[in-house]
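Engineer: sequence unavailable; structure follows:
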C-alpha cells in the first residue's frame, strides 16, 4: 500500500518553521511512515539546514507531488527568485513566502495530490495580503474547503480542547457565543472524536462563559440562556455533552481527565490550560474539513530563530497525528462500505 503523502508548508522563513521541519525529517525513520513533501525552496531550506548542522539531510527536488520519492524527503520550489532571510525579524518577506508555500500546498491538498497538510507557524500579521485576509490558518483553510464550519481542536495525550470562538477580540466574545454556534461546534467535536480518533461514545465537557459559570445568573446569564439550550440540543442528538463548568476549578482539579474533550467558549480559556500541560507535545488540528490539517501548537518564535534551540517535538507530533487521522478516516470508509451483516438467531436452535 502506498505511503501517505504529507504536504508541509514552511511558515515564516524568518522564524523557526524550517528548523523544526528539518530536525523532524532528519530522522530517517520518518520515511517508514510517510512520504513528506515540503513546499518552499531549496535555497531557503539549505540556509536553515546549515544553521542546524543537518548536513545529512538532502531534499529530493520535484515539480509536482506525483513525482515524490517515497524513500526521501521531497521539496517543491514554490517560487524562483532569491529570498533575503532576516532571522528573528517580522517583515513582508516572511509573510509573502509563507503564503506562497501555504497556497500551493493547500491547492495540492484540495486536488488530492497530497493526503494531509502539516503547517509550520506563520505570523498572522505579516502574511496578510489580497488573497489572505484571515486571522489564521483555520479560517483560511475553512474558506478554501468551502466548509460551513470548522473547529480549532487542540489535542494531546492528556487533553483535547476545542473553542467556540477563535481568533477574535475579547470585546466581541460575548456576542459571538450563541446557542447555534455552540451546538455546531459540539456536533463537529463529537463527529471528530468518533471518526478521527475512534472514540465510540465521546464524553464532552462544556465550559461556562462567565466567572464561576455565572453563579446561577448572578454574574451573567449566558450559561442559562445560551449554553444550556445548546447542551439540550446536543443531548437530543445523542451527544454526551455535560456542563457548563466553571473553567478555573475544572482545570485546577484536573476534571478534564474524566472527559474525552473539552469545549471552551473562547481562545485563551481553552488554550492557556492546554499549553500549560501539553506545550511540548500539543497539536492544533482543524476538525470539520474534508481534508486533514495539523500544526504544532506554538508560533514563529523569532527570539530563538536560527539558534538551533527550537524543539521539533510538537511538529513531529503534528505529523504523526495527521497520519493517524488519515488512517482512521480511510479505515472508516472501508468499514462503512463493507459493514458486518447480522442475522437474527433462529428459535429452532438446539
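Structural biologist: Perfect, thanks for sending it. Quantities reported herein were computed from a predicted structural model and do not represent experimental measurements. Residues are numbered from 1 along each chain as shown.
Engineer: tell me the gap between stretch 284-295 and the middle of its chain.
Structural biologist: The chain centre lies 5 Å from the centre of stretch 284-295; the measure is CA atoms, centre = their mean, to the nearest Å.
Engineer: so residue 204 is in which element?
Structural biologist: Per DSSP states H and E, residue 204 falls inside strand 203-207.
Engineer: check which element follows that strand along the chain.
Structural biologist: For strand 203-207, the succeeding helix or strand toward the C-terminus, using DSSP H and E, is helix 222.
Engineer: now the helix or strand following that next one against strand 203-207, angle please.
Structural biologist: Following helix 222 in sequence order, the next helix or strand is helix 228-236 (DSSP H and E). Here helix 228-236 runs at an angle of 170 degrees relative to strand 203-207 (axes from the mean of the first three to the mean of the last three CA atoms, to 10 degrees).
Engineer: packing partners for helix 228-236?
Structural biologist: If contacts are counted by 3 or more CB pairs under 8 Å, 6 or more residues apart in numbering; DSSP states H and E, helix 228-236 sits against helix 179-195, strand 203-207, strand 240-245. Every residue, glycine included, has its C-beta placed from N, CA and C.
Engineer: what residues sit buried inside the strand holding residue 204?
Structural biologist: Buried positions in strand 203-207, judged by neighbour count with 16 or more other CB atoms under 10 Å: 204-207.
Engineer: again, but for stretch 77-97
Structural biologist: Quick answer for stretch 77-97 (16+ other CB under 10 Å): 77-78, 83, 85, 87, 90, 93-97.
Engineer: how far off centre is the strand holding residue 204?
Structural biologist: Put simply, strand 203-207 sits 20 Å off its chain's centre (CA atoms, centre = their mean).
Engineer: one more: stretch 98-117?
Structural biologist: 15 Å.
Engineer: what does stretch 138-155 give?
Structural biologist: Taking CA atoms, centre = their mean, one finds stretch 138-155 lying 9 Å from the centre of the chain it belongs to.
Engineer: how long is that stretch from one end to the other?
Structural biologist: End-to-end span of stretch 138-155 (CA to CA, to the nearest Å): 15 Å.
Engineer: what mean pLDDT does that stretch have?
Structural biologist: Mean pLDDT, stretch 138-155: 97.
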